[in-house]
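Chemist: Sharing a model that was predicted from the sequence below.
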Amino acid sequence: MPLDALFLSAAAQELTARITGLKVDKVYQPERDVLVFKLRGGAGDCRLLFSAGAGDYRLHLTESRLENPASPPMFCMLLRKYLTGARITGTRQPPAERILELVFDAWDDSGACHERDLIFELTGRSSNAILTDSDGKIIDCLRRTGSETEGKRVLFPGVIYESPPPQEGKLAPLDVLRAEPKNMWRKLFDSNNDSNNDSNNGSNSGAQTADKWLLSTFRGLSPLICREISWRAYGRVDHRIGDIEDGGAALRRELFALLEQAGAGNAEPWVITDADGAPRDFSFTRIMQYEGALEVSRENGFSAMLDGYYTRAAQMQRVRQRASATTKTVKNARDRILRKLAAQREELALTGLRDSHRECGDIIMANMHQMKKGQSMLLAPDFFSDGGGTREIRLDPLKTPQQNAAKYYKEYTKAKNAERFLSELILAGENELEYLESVLGEIGLAEGEKDLSEIRRELVSTGYIKAQQSGNEKAKGNTKGNTKGNTKGNTKGKTKDKTKEQAPLRFVSSSGVPISAGRNNLQNDKLTFKTAFKSDVWLHTRKIHGAHVIISCGGVAPDGATLSEAASIAAYYSAARGGGKAPVDYALVKHVKKAPGGRPGMVLYTDYKTIAATPDEELVNSLRV
């Protein structure tokens, strides 16, 4: 991960300029390893996000609205106690370290001002957030670690905070470059080069590459930056130390240039993407080592870049993890229906032979006068064939001619009835399959745990998931049943869903017209048939699973901009997200009817028109309220 000390130094300058002087309004902890601080002040409100995740540790301003738990964790409550109302007076970063300290002026109940430091350690798996008082004593931390008996650094309330020990054997780049720069560099480079040659016993002299030497010699540098320095100095990312003839002067020049860029406020946020547009890396300087193999683009700011690179992807990953069990349940139900439909369609195809059964019965009845009991085969003229000829009919020798004819008529009736029943079952199965596909689409569009809870509630109401009952509630129900009757006991034992139902997604068009969108099938039904007026406009992607969208226009035809924006919302909150233009049907709500016997969200509509819309995420987010 390229969030090294140089990148943090560059990003911290932008962050410091934005948040210094702001006060902490609220503190949230949406995830176990994520903190969000809502800041307010003269520069405008903003939200600061810190993540201690092993694969996405970072610190930046965010525009994303993360879902918070119903009960805040203890560390979140402690931060609220000590930092709510505190003013940020500045930041500090130890040299060549991935640590950033936020300095606060905080006031206690008596009105006395105290300094508080919130230290963010961005060190991979050991990333942490530590709150200390003015004496450097730890008030508490996100992760309590260490033990004095084991000789490890202790992070625990009441202990004096100590910075992480520097990487053994590595130097701070600025210390080397500023203390007799050229002589010290030459001495360091030559000694390391000689050491490398000795370790290889002369058989592989100078085989170490320049980027590996930089990475092993200096702290605070990422592999990406070390390769970039090598490329800028010698035109290769794998240039060997043994091939360097200038005593490493070019390496020193390029390293010093990047240090100056990161520390002098000249850094720029750059993102590296692959051919499909997926982000691969980021940096504080333009990366040139890929020579066109990957795309490099400049972003508007470090926080905006990190927010786009990590926050939404991390949020969606967490949602997918939490939704895995529900997704598996729905997919299993879908696969069962697919297997059942395949068997029913195969059985339906066989009912196409029913007319031949009736014809065989008619031919037997017409030739009964020449048939004998015990006959196993009848060869008779086929008066149903256009070309004439004969038909060979199998008979049951234990049955009379009349009984054989009756058997064929019975098979004809059975096949005829089976065709009707199978057609109804197949239609119901196809509707069920369409509904389950729509639920999978809902899960894919879910933005948080509340959305998933409502989807699970929907699956409970439709019978795909059984309502959960906790052991305590069951025990309570049984106890009540023993003392006051089984009926009351069973009632007490039922699980009550206390999750508050979410409101539909709300938007306002550029013309000021309210627009609503359902989050799931149950909400789609409620929005269309209970909330919306008959004169409102209803939108939905054609033959594509998605949200019901309502333009609350009060009986007045919406303007073109509003209609286009509502169609874009319908396309974005559908299975068409991520693709190109999608057809969106729109009609008055009064022309939308609930499908007879249909599952939640399934409707029929008439008198509609169609518009092509693009699922534009930026547009949708700008309209959302």
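Modeler: Arrived safely.
Chemist: measure Leu83 to Asn128 for me?
Modeler: Between Leu83 and Asn128 the computed distance is 16 Å (CB to CB, to the nearest Å). From N, CA and C alone the C-beta is placed, and that goes for glycine too.
Chemist: Please apply the same query to Gly512.
Modeler: On the measure of CB to CB, Gly512 and Asn128 end up 46 Å apart.
Chemist: Check Ala503 too.
Modeler: Ala503 is 37 Å from Asn128, by CB to CB.
Chemist: quick one, which of these two is more surrounded?
Modeler: Asn128 (21 against 11; other CB atoms under 10 Å).
Chemist: residues near the closest residue to Val592 other than its chain neighbours, how many?
Modeler: Of all residues not flanking Val592 in the chain, Tyr605 sits nearest, at 4.5 Å (CB to CB, 6 or more residues apart in numbering). Counted with other CB under 10 Å, the neighbours of Tyr605 add up to 18.
Chemist: what's near enough to touch Tyr605?
Modeler: Neighbour list for Tyr605: 538, 540, 585, 587, 591-593 [criterion: CB atoms under 8 Å, 6 or more residues apart in numbering].
Chemist: again, only using 10 Å
Modeler: 528, 538, 540, 585-593, 595 (CB atoms under 10 Å, 6 or more residues apart in numbering).
Chemist: Just the buried ones from those residues, in PyMOL syntax?
Modeler: Buried residues among the contacts of Tyr605 (16 or more other CB atoms under 10 Å), as a PyMOL selection:
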select buried, resi 528+538+540+585+586+587+588+589+592
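Chemist: Looking at the contacts of Tyr605, spot the one nearest Ser64.
Modeler: Ranked by distance to Ser64 (CB to CB), those are led by His540 at 27.2 Å.
Chemist: is it true that that closest one lies in a strand?
Modeler: Yes: counting by DSSP: H, G, I helix; E, B strand; the rest coil, one finds His540 located in a strand.
Chemist: and it, bridged to which residues?
Modeler: Under DSSP bridges, the beta-bridge partners of His540 are Asp585.
Chemist: That one reaches Tyr586, doesn't it?
Modeler: Yes: His540 lies in contact with Tyr586 (CB atoms under 10 Å); the separation is 8.0 Å.
Chemist: list residues touching both of those two?
Modeler: 549, 567, 570, 605, 608.
Chemist: Same list (those residues) but as JSON lines, adding distance to Ser622 and pLDDT.
Modeler: Shown next, in JSON lines, are these (distance: CB to CB, whole Å; pLDDT from 0 to 100):
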{"residue": "Val549", "distance to Ser622": "16", "pLDDT": "96"}
{"residue": "Ala567", "distance to Ser622": "15", "pLDDT": "96"}
{"residue": "Ala570", "distance to Ser622": "16", "pLDDT": "95"}
{"residue": "Tyr605", "distance to Ser622": "29", "pLDDT": "95"}
{"residue": "Tyr608", "distance to Ser622": "27", "pLDDT": "95"}
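Chemist: Format the residues you listed as CSV; extra columns: secondary structure and distance to Ala10.
Modeler: As requested, the shared contacts of His540 and Tyr586 are exported to CSV (DSSP: H, G, I helix; E, B strand; the rest coil; distance: CB to CB, whole Å):
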residue, secondary structure, distance to Ala10
Val549, strand, 42
Ala567, helix, 41
Ala570, helix, 41
Tyr605, strand, 54
Tyr608, coil, 53
